[in-house]
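1. below: sequence and its predicted model.
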Amino acid sequence: MFERKPLRADVGAEILGRIIDGRLKSGTRINESHLAVELGISRTPLREAMLCLTTEGALASDMGRGFRVPRLEGREVADVLQALSELLPAAIRHGRQLELRDHVEAGNLLGRARLNQGDPSVFCEQVYLLLRLLAHDCPNDVLRRECTRLVRLSLRYLFEAQSRGWEPAALLGNLERGLDELRRGDRTAAAVSLGRTFRELGDELPSRFPAAVADHA
């Protein structure tokens, strides 16, 4: 429970975390009254946060029926990862050269992701922070925000895939390769490597998720 009235972004981050780790389950409708009480807030900031998450694609809204968590679907994760494989390399190509502190932070994030492969929550958080770091200095605000949105959408698939036995060793190895190329100052090679990384992931993960079914919740 929050000790103070949170900002819309704080509420949104909490809801997104619950979507990613399955506390708000795929395909279920959100009981706004119960969730507001649980978080210790009024329904106004809760609804504002959920509307923002709807624009990102993390939630769905049905007229007169409120908000629901979209079902995990192979087609969606394929589309998300395909888009990420194109946009993240573009953000890296157009960004500035990373400073030493950025390289150190990136290495630390990757190391923590490796150490926490058995804990999907921590693993996904470290991957998110790493990819956000790689894109954060892109001068194109729209491109940077879209990369962040796509990464956030992909996290619940990474979390669930790990819960179903997926091993992220190949992803971690590819991310390390991209970071090594950035350390050498070769942004073009890093962009190509990371683009390939997410195309390969987009080929691998969809088969772990069923086709969409009608929502009768």
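-> Okay, I see it.

2. and the strands in the protein?
-> 60-62, 66-68 (DSSP state E).

3. can you put those in JSON lines and add mean neighbour count?
-> Any C-beta I mention is one placed from the backbone N, CA and C, and that applies to glycine too. Formatted as JSON lines, these follow (neighbours: other C-beta atoms under 10 Å):
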{"stretch": "strand 60-62", "mean neighbour count": "14"}
{"stretch": "strand 66-68", "mean neighbour count": "18"}
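
4. for Pro139, which of those strands is the nearest?
-> Closest approach to Pro139 among the strands of the chain is made by strand 60-62 (32.4 Å; C-beta to C-beta).

5. start to end distance for stretch 181-190?
-> One end of stretch 181-190 to the other measures 5 Å (C-alpha to C-alpha, to the nearest Å).

6. before we move on, the earlier item: export the strands of the chain to a markdown table and tack on distance to Ala13 and mean pLDDT?
-> Shown next, in a markdown table, are the strands of the chain (distance: least, C-beta to C-beta, whole Å; pLDDT from 0 to 100):
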| stretch | distance to Ala13 | mean pLDDT |
| --- | --- | --- |
| strand 60-62 | 19 | 90 |
| strand 66-68 | 16 | 93 |
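
7. let me have the ones you listed in TSV, adding distance to Thr54 as columns.
-> Below are the strands of the chain laid out as TSV (distance: least, C-beta to C-beta, whole Å):
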stretch	distance to Thr54
strand 60-62	5
strand 66-68	7
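
8. out of the ones you listed, flag the one nearest Val11.
-> When the strands of the chain are ranked by proximity to Val11, the top entry is strand 66-68, at 12.8 Å, counting by C-beta to C-beta.
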